[in-house]
Structure formats: structure tokens, C-alpha cells
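*Asks:* Here is a sequence with its predicted model. Questions after.
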Amino acid sequence: MLFYQGEFCAMLYSNDDLKNWLPVLADTPIGFAGMHYLGVDGLQAAYGHIEKSTVNVG
């Protein structure tokens, strides 16, 4: 587990664990994997901010 300013922020996984959880990656060489956990005070406000920062292409 990784912490930032005393708060939990991410978890690292072994290559074997990742391949068990995502069998589609079983034959893919992966050296490092992890998950980021994002905490926000206002989910709707976060969505709005992300939406304004996203450019529609296509």
C-alpha cells in the first residue's frame, strides 16, 4: 500500500496476482501494476471539472 500525506492512495500488485485477476493479460509481459484510489469531497463537482477539461474528438 502507498500513502500520500498520511492517506492511503494506491496499492501495488504482483504480476502473478494481476494475471489471475485479468486472464486476458496472462500472455502479456507486465513488469509493474497498481491501482490509484481517488478521493474527492464532491463527486458531482469532480465530474463537472473533468467534463470541462475533456475535449470531444470525432
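*Replies:* The structure has been received and is ready for your questions.

*Asks:* Just say helix, strand or coil for Q44.
*Replies:* helix (DSSP: H, G, I helix; E, B strand; the rest coil).

*Asks:* A10 too?
*Replies:* Taking three-state DSSP, the label given to A10 is strand.

*Asks:* bridging residues for it?
*Replies:* Beta bridges link A10 to L2, H36 when assigned by DSSP bridges.

*Asks:* Isn't it up against L38?
*Replies:* No: counting by C-beta atoms under 8 Å, L38 is not a contact partner of A10; they are 9.8 Å apart. All C-beta atoms are positioned from the backbone trio N, CA, C, and that covers glycine.

*Asks:* So for the two, which sits in the more crowded spot?
*Replies:* A10 (13 against 7; other C-beta atoms under 10 Å).

*Asks:* and the more buried one, what pLDDT?
*Replies:* For A10, the pLDDT comes out at 75.

*Asks:* How much space separates it from D17?
*Replies:* Taking C-beta to C-beta, to the nearest Å as the measure, A10 falls 15 Å from D17.
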